[in-house]
Structures are given as C-alpha cells and as structure tokens.
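Peer 1: no sequence on this one, just coordinates:
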C-alpha cells in the first residue's frame with residue numbers, strides 16, 4: 001500500500017498548533033503513509049494520494065493549486081478532514097467547487113476506524129486494481145447451463161487486477177483420492193446426514209489443498225460433476241470455506257465469484273450466491289434459494305440433502321432478518337446490478353434449494369430488472385445496506401452500476 005498525504009493550510013493558523021493537531025489526527029489512522037506536507041511535486045504517483053485540509057480558510061489556496069494537480073493526475077480527489085480547526089467545512093466547500101467543475105472527489109471524515117477502512121478500500125481502487133494480486137480459481141469449467149455467464153478475462157485483469165486460474169476437475173478428484181474419509185468436526189446430529197457428511201468433509205479438505213497449492217484467494221467449483229464422480233456435493237465445503245474467509249462459489253459461475261470477491265473486499269464479510277426462485281414485481285418481493293449459504297451468515301442451520309439430486313449435504317441456513325444488499329456484476333464487467341432491501345423471513349419449502357430467503361427490495365420497481373434485463377440467474381446477497389459504498393467501488397473500477405438507490 002503506497003499512500004501519500006499532502007497538506008493544505010491557512011497562514012492564519014498557528015503553525016505549532018497545526019503541527020500538533022496534524023500529528024494527533026494522522027497517528028490515529030492505522031495505515032502506512034508518507035507525509036508530503038505542501039510539496040505536491042510527485043502528486044498522482046502513488047496508489048492513493050490524499051489531501052489533508054488541515055484548516056479553514058484554505059478554499060482559495062486549493063482553487064489556485066487545482067490546475068497544477070489536474071496536470072499531474074486525473075484521479076478523483078480524496079480530501080482528508082478532521083474535526084478541528086474548521087477542517088471539515090473547508091473540505092466541504094472545496095468538494096462542492098470540484099463538483100461544479102465536473103470533477104469527482106470525496107471527503108474522508110469520521111472515526112479513525114472508519115477513515116482507516118475507507119483508505120484501505122481506496123488504495124486498491126484508484127487504478128482499477130481492487131483485486132490486484134488476487135488469484136481466483138475456476139475448478140472445472142462453468143456449468144453447461146450458464147450460457148450467459150461467460151467472462152472477459154482481459155477486463156478482469158485490467159479493471160480488477162485479478163488473475164483467473166484454470167484448474168481441471170481431474171485435479172480435484174485426484175486430490176480427493178489422497179484424502180481418507182474422516183468425521184467432520186461439525187458432525188451433525190441429523191441421522192440421515194451422517195453418511196454423507198464425512199464425504200463432504202473430504203471435498204472441503206481437497207478444495208483447501210488446491211487453494212494452498214495454487215495460492216488462491218477465491219474459487220468457483222463445477223460442483224454438479226461431483227454427483228456422479230463421488231456421489232456427494234460441494235455445498236458443505238463451499239459454505240465452510242466462505243465462513244473461513246475464502247470466497248467460494250458454485251456451478252463454476254465466474255461473474256458470481258467476482259461479485260462475491262468484490263463484496264468480501266468491500267465489507268470484509270461473506271455473501272450468499274443464490275437464485276431468484278420467484279418474484280412479485282408488484283411488491284418487489286423476491287425469494288432467493290440455494291444450498292451453500294456460508295455458516296458465518298446464519299444464526300443457525302440444519303443439514304439436509306442437496307435439493308436437485310437428493311444426495312450429499314445441503315445447508316438450510318437461517319439468516320437474521322434485516323437489511324440486505326443484492327448485487328451482481330456482468331461477465332464482461334460492463335455493468336452491475338445493485339439494490340438494497342430487507343430480508344423479511346426465512347422459508348423451508350421442500351421443493352426448493354435448502355436456504356430460502358424472502359427479500360423485499362426497497363424500491364419495488366427494481367424487481368423489473370430480473371424480468372427484463374437480468375445478469376444471469378445467480379445473484380449475491382450480503383447482510384447490511386452497502387449500495388452507496390458498492391456503487392462507489394464499481395465506478396472506480398469502470399463498471400457501470402445500474403438501479404442503485406443512490407442514483
């Protein structure tokens with residue numbers, strides 16, 4: 001992380017007081033940085049360039065400085081503001097002026113923890129490299145029915161900085177052959193699942209071995225091939241890997257894996273890959289269902305069979321009711337769907353994938369997207385409302401977010 005902090009200060013303020021407040025403010029941020037003070041000669045050359053508006057009365061100084069900054073960088077302006085010396089009001093006036101000029105920017109202000117987190121997010125986004133150095137595995141090819149869920153590898157590399165790693169299904173099966181069947185630490189007390197859980201645990205261990213061998217930060221698995229090959233499913237393994245912090249998607253769906261990876265990077269938590277099973281376009285209610293909900297997203301869960309096959313282990317998780325965000329990026333990274341809503345209730349219908357979440361979108365009209373211009377069938381659900389932050393991240397990566405409540 002290569003971060004430079006530049007300063008802008010009114011001459012009306014006492015230099016010693018300003019220096020003391022600067023030290024106090026910057027030392028509260030848990031980030032490595034180089035303090036450039038008012039030397040802007042190398043502005044625009046770092047992963048992230050921050051301008052610390054240290055005092056009020058700096059608006060005119062910034063206006064004079066602006067042509068020099070624009071000649072060096074076309075990045076959005078990131079203004080640091082403390083709660084001392086009229087720093088925030090000055091930053092607001094500056095940002096307002098930038099917006100009038102058609103320029104992008106934002107103010108980083110709040111608790112030290114909030115500012116630190118936002119800086120960490122931005123440091124990888126400025127050059128469209130939010131997933132730089134990420135290695136994302138495709139184990140087996142995408143499932144045959146995902147006819148609209150291909151991926152533009154060049155866009156993934158240029159916009160996100162991630163590398164897609166192809167791993168044959170044979171590699172997983174060969175790894176499985178080396179792992180003896182054993183009881184999982186999370187053995188269920190549901191009798192009909194006992195026979196399948198040790199095999200599901202072997203799949204988890206084999207996937208974990210492949211992630212270590214290939215240095216993966218995430219993966220997606222052509223999971224249905226396991227039904228014939230080992231008479232089991234990857235649902236339990238993927239749920240466990242996600243809960244351990246490694247993004248793990250199913251059906252070899254690469255756009256969904258990328259969506260989950262972006263969310264993990266943004267909010268630091270797991271997300272849930274699911275299908276819309278039914279939609280009420282009048283109320284904005286959508287029933288999402290799948291068998292791989294991460295264990296760390298649920299308040300409790302039961303083990304069932306995999307829905308389509310009736311074998312193996314599927315997860316019936318109960319996610320806490322409350323705010324959620326639904327999203328998906330397209331395989332060519334040209335657009336994304338983002339909408340907020342509320343998880344109304346968990347369901348347990350026998351003829352659907354095992355985890356079933358009824359979500360009511362904040363704006364019911366957004367349900368029309370699913371029926372007129374969807375990005376594939378799988379979508380990703382995250383706990384909490386994150387549309388504004390996600391929209392900002394997508395724009396920095398040159399991905400057009402549509403149907404955001406903040407539009």
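Peer 2: Okay, I see it. On a predicted model such as this, the values are computed, not experimentally measured, just so you know.
Peer 1: show me the shaky parts of the stretch 251-400 of the chain.
Peer 2: Scanning the stretch 251-400 of the chain for pLDDT under 70 picks out no residues.
Peer 1: next: the stretch 51-200 of the chain.
Peer 2: For the stretch 51-200 of the chain, the stretches flagged by pLDDT under 70 are 124-129, 183, 185-194.
Peer 1: tell me where it has helices.
Peer 2: Assigned helices in the stretch 51-200 of the chain, in chain order: 59-72, 87-100, 112-123, 153-155, 169-177, 197-214 (criterion: DSSP state H, counting those that start in this stretch).
Peer 1: go through those helices and pick out the most buried.
Peer 2: Of all the helices of the stretch 51-200 of the chain, helix 197-214 has the most neighbours on average by mean count of other Cβ atoms under 10 Å, namely a mean of 20. For the C-beta atoms, the positions are set from N, CA and C on the backbone; glycine is no exception.
Peer 1: quick check: next helix or strand after that one?
Peer 2: Scanning forward in sequence from helix 197-214 by DSSP states H and E, the next helix or strand is strand 218-221.
Peer 1: which other helices and strands does that next one contact?
Peer 2: Judged by 3 or more Cβ pairs under 8 Å, 6 or more residues apart in numbering; DSSP states H and E, the packing partners of strand 218-221 are strand 135-139, helix 197-214, strand 247-250, helix 254-267.
Peer 1: residue 155: which of those is closest?
Peer 2: Nearest to residue 155, of all the helices and strands packed on strand 218-221, is helix 254-267, at 10.0 Å by Cβ to Cβ.
Peer 1: any idea how far the closest one is from the chain center?
Peer 2: From the chain centre to the centre of helix 254-267 is a distance of 4 Å (Cα atoms, centre = their mean, to the nearest Å).
Peer 1: for stretch 216-233, same thing?
Peer 2: Counting by Cα atoms, centre = their mean, stretch 216-233 comes out at 23 Å from the chain centroid.
Peer 1: list the buried ones in that stretch?
Peer 2: 216-227, 230, 232-233 (16 or more other Cβ atoms under 10 Å).
Peer 1: same check, this time on stretch 351-363
Peer 2: Within stretch 351-363, the residues that count as buried by 16+ other Cβ under 10 Å are 352, 353, 354, 355, 356, 357, 358, 359, 360, 361, 362.
Peer 1: same check, this time on stretch 144-157
Peer 2: Using 16+ other Cβ under 10 Å as the test for burial, stretch 144-157 gives 146, 149, 151, 152, 155, 156, 157.
Peer 1: from those, which is closest to residue 341?
Peer 2: Set against residue 341, the nearest of the buried residues of stretch 144-157 by Cβ to Cβ is residue 149 (22.9 Å).
Peer 1: enumerate every residue touching the closest one.
Peer 2: By Cβ atoms under 8 Å, 6 or more residues apart in numbering, residue 149 lies in contact with 142, 253, 254, 255, 256, 331, 376, 378.
Peer 1: what residues does the fourth one make contact with?
Peer 2: Residue 255 makes contacts with 149, 151, 328, 329, 330, 331, 375, 376, 378, as judged by Cβ under 8 Å, 6+ apart.
Peer 1: again, only this time at 6 Å
Peer 2: 149, 329, 331 (Cβ atoms under 6 Å, 6 or more residues apart in numbering).
Peer 1: same question for the second one.
Peer 2: Residues in contact with residue 253 (Cβ under 6 Å, 6+ apart) are 146, 149, 220, 378.
Peer 1: state the distance from the last one to residue 306.
Peer 2: Going back to what we said before, that points to residue 378. 16 Å (Cβ to Cβ, to the nearest Å).
Peer 1: do the same with the third one
Peer 2: Between residue 220 and residue 306 the computed distance is 17 Å (Cβ to Cβ).
Peer 1: spatially nearest residue to the residue most central in space within the chain (excluding sequence neighbours)?
Peer 2: For the chain, the residue nearest the mean C-alpha position is residue 263 (1.1 Å; Cα atoms, centre = their mean). In space, and not counting its chain neighbours, residue 263 is closest to residue 271: 4.6 Å by Cβ to Cβ, 6 or more residues apart in numbering.
Peer 1: and the one you found, how many neighbours?
Peer 2: By other Cβ atoms under 10 Å, the residues close to residue 271 number 30.
Peer 1: can you tell me which of the contacts of residue 253 is closest to residue 175?
Peer 2: Closest approach between the contacts of residue 253 and residue 175, by Cβ to Cβ: residue 220, at 16.7 Å.
Peer 1: wait, that closest one touches residue 257, no?
Peer 2: Yes - contact criterion Cβ atoms under 6 Å: residue 220 and residue 257 qualify, at 4.1 Å.
Peer 1: mind listing the shared neighbours of these two?
Peer 2: residue 249.
Peer 1: before we move on, back to that, among the helices and strands packed on strand 218-221, which is nearest residue 237?
Peer 2: Using Cβ to Cβ, the nearest of the helices and strands packed on strand 218-221 to residue 237 is helix 197-214, at 3.6 Å.
Peer 1: tell me what the closest one is packed against?
Peer 2: Helix 197-214 sits against helix 169-177, helix 235-243, with contacts defined as 3 or more Cβ pairs under 6 Å, 6 or more residues apart in numbering; DSSP states H and E.
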